[in-house]
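# only geometry, no sequence info:
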């Protein structure tokens, strides 16, 4: 329940990303519809149980009533109709077994649907990564790319496999339980529904209070991970300059902030469930009292009261689950959007169909009026001309950021120039196969 208080990451284009994700499910639409139907059937068979149980409870109540009346009138005690009760119990067992079977089948089929969908998406991403230019990897950290390939896909897989079926089950349960409660007592149903605003007030207030602490927790966790990574990768430098104590002090400071934020976030969000049980018990007491009054008036039976109490217990949990799953789906669509952003990245310019291979390169390299910029509005190289003849050695020197590595990247076509041309032995490098070009150096 604590996840209700966490700040939800939202997609920039929820509708477009959702429809695009659904297209990946299209090849599995038959199985997906089967899962949808099985989830509904499993829930329906589960909901019918308490309604049928009414007959068994009423029969037992009638038997005890007849026994008490017989004792009072000093008459023979009538036998309890255990055969009828046994038949009801067998019917209930059969219903719950059928419900469990449908639930198992829908989970089994959905697991295959989710894994096949994610398999195809992961395959597309892997193939895409092999076609992306070096500038894509230079502009992003390894952690960010790995997060898209691992964490985002895990999030999508979990939602497809579990959250979607839970959402279907929760919605059907809410509708089914309301119908069953109305069939028993419209007034008691109204009492249960009137407690819903209390649930909303409780969850919203606690979510607002805990959200800022969850945000602080995520921020502190990111700082801690960054500090640890920096200290371990630069361990030799830390040791060389004697910065161990400073590093430990910084770690302890961030760790303390993480502890404080995490403790507050988990504690406040952990209050949600006890308070919801408290609100549920208030509704339970009211239902029992009003139901008891109706029972004494003869407008409702004991079996119906027990069934109604069971339905009222089933009513609140799906509502909370639906709200929680809605947050999870928003986070999942945000993950899918990041994956699709990667798939939509501009790929490396493909080789021409008639691209050449210089079998025996001489080594004449020329840069002719070359323009290049990493960013469109920031020109790095403008009208540059370099002519390196065969056998010559030229040193390229300059401060950090002057463009020394950039020249090598341009020469090997890790980046494409904006204007001009680069030739090797008089052949434009864009007319040479990449693998052959890079094998020269």
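Perfect, I can see it now. Here the structure is a predicted model, which is why all the values come from computation and not from measurement.
# can we go C-alpha only for contacts and neighbour counts from here?
Fine.
# can you pull the buried residues of the lowest-mean-pLDDT helix or strand in the chain?
For the chain, the helix or strand with the lowest mean confidence is helix 142-149, at a mean of 75 (criterion: mean pLDDT, DSSP states H and E). By neighbour count on 16 or more other Cα atoms under 10 Å, the buried set for helix 142-149 is 145, 147-149.
# over to stretch 223-235?
For stretch 223-235, burial by neighbour count (16+ other Cα under 10 Å) applies to 223-224, 231.
# circling back: looking at the buried residues of helix 142-149, spot the one nearest residue 174.
Using Cα to Cα, residue 148 is the member of the buried residues of helix 142-149 that lies nearest residue 174, at 35.3 Å.
# nearest spatial neighbour of the closest one, chain-adjacent residues omitted?
residue 339 (6.1 Å; Cα to Cα, 6 or more residues apart in numbering).
# that neighbour and residue 276: what is the separation?
The spacing between residue 339 and residue 276, counted by Cα to Cα, to the nearest Å, is 37 Å.
# related to what we said a few turns ago, next secondary structure after the least confident helix or strand of the chain?
helix 151-158 (DSSP states H and E).
# helices or strands up against that next one?
Other helices and strands packing on helix 151-158, by 3 or more Cα pairs under 8 Å, 6 or more residues apart in numbering; DSSP states H and E, are helix 82-131, helix 302-343.
# low-confidence ranges, the stretch 51-200 of the chain, go.
The stretch 51-200 of the chain contains residues with pLDDT under 70 at 143.
# re the thing from before, which helices and strands does the least confident helix or strand of the chain pack with?
For helix 142-149, the packing partners by 3+ Cα pairs under 8 Å, 6+ apart come out as helix 302-343.
# for the helix it packs on, the averaged confidence score.
On average, the pLDDT along helix 302-343 is 83.
# quick check: next helix or strand after that helix?
Per DSSP H and E, the helix or strand that comes after helix 302-343 is strand 365-372.
# thinking again about what came up before, among the buried residues of stretch 223-235, which are in helices?
Among the buried residues of stretch 223-235, the residues falling in helices (DSSP state H) are 223-224, 231.
# dump the residues you listed to a markdown table, plus pLDDT and distance to residue 13.
Formatted as a markdown table, these follow (pLDDT from 0 to 100; distance: Cα to Cα, whole Å):
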| residue | pLDDT | distance to residue 13 |
| --- | --- | --- |
| 223 | 82 | 29 |
| 224 | 84 | 31 |
| 231 | 84 | 38 |
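# quick one on the thing from earlier: residues touching the residue nearest to residue 148, list them.
125, 148-149, 152 (Cα atoms under 8 Å, 6 or more residues apart in numbering).
# dump those to JSON lines, plus distance to residue 88.
As requested, the contacts of residue 339 are exported to JSON lines (distance: Cα to Cα, whole Å):
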{"residue": "125", "distance to residue 88": "55"}
{"residue": "148", "distance to residue 88": "53"}
{"residue": "149", "distance to residue 88": "53"}
{"residue": "152", "distance to residue 88": "48"}
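# and of these, the nearest to residue 408?
Distance to residue 408, by Cα to Cα, is smallest for residue 125 among the contacts of residue 339, at 27.9 Å.
# could you find the closest non-adjacent residue to that closest one?
Counting by Cα to Cα, 6+ apart, the residue nearest residue 125 is residue 343, at 6.3 Å.
# next one: that neighbour from residue 217, what distance?
Residue 343 sits 31 Å away from residue 217, going by Cα to Cα.
# what does residue 431 give?
Residue 431 sits 53 Å away from residue 217, going by Cα to Cα.
# residue 386 sits in which helix or strand?
strand 381-388.
# list the buried residues in that strand.
Result for strand 381-388 [16+ other Cα under 10 Å]: buried residues residue 381.
# stretch 18-35 now?
For stretch 18-35, the neighbour count (16+ other Cα under 10 Å) marks 18, 21, 25, 28, 31-32, 35 as buried.
# end to end, how far does that stretch reach?
19 Å.
# with stretch 139-155 instead?
Its start and end residues considered, stretch 139-155 measures 24 Å (Cα to Cα).
# off-centre distance for that stretch?
14 Å (Cα atoms, centre = their mean, to the nearest Å).
# show me what that stretch is in contact with.
Applying Cα under 8 Å, 6+ apart, the set of residues contacting stretch 139-155 is 118, 122, 125, 332, 335-336, 338-339.
# just flag the most distant two among these.
With Cα to Cα as the measure, no two of those lie farther apart than 125 and 332, at 16.9 Å.
# who has more neighbours, those two?
Set side by side, residue 125 and residue 332 show more neighbours around residue 332, with 26 against 18, by other Cα atoms under 10 Å.
# isn't that one right up against residue 160?
No - the pair residue 332 and residue 160 fails to qualify as a contact (Cα atoms under 8 Å) at a distance of 9.2 Å.
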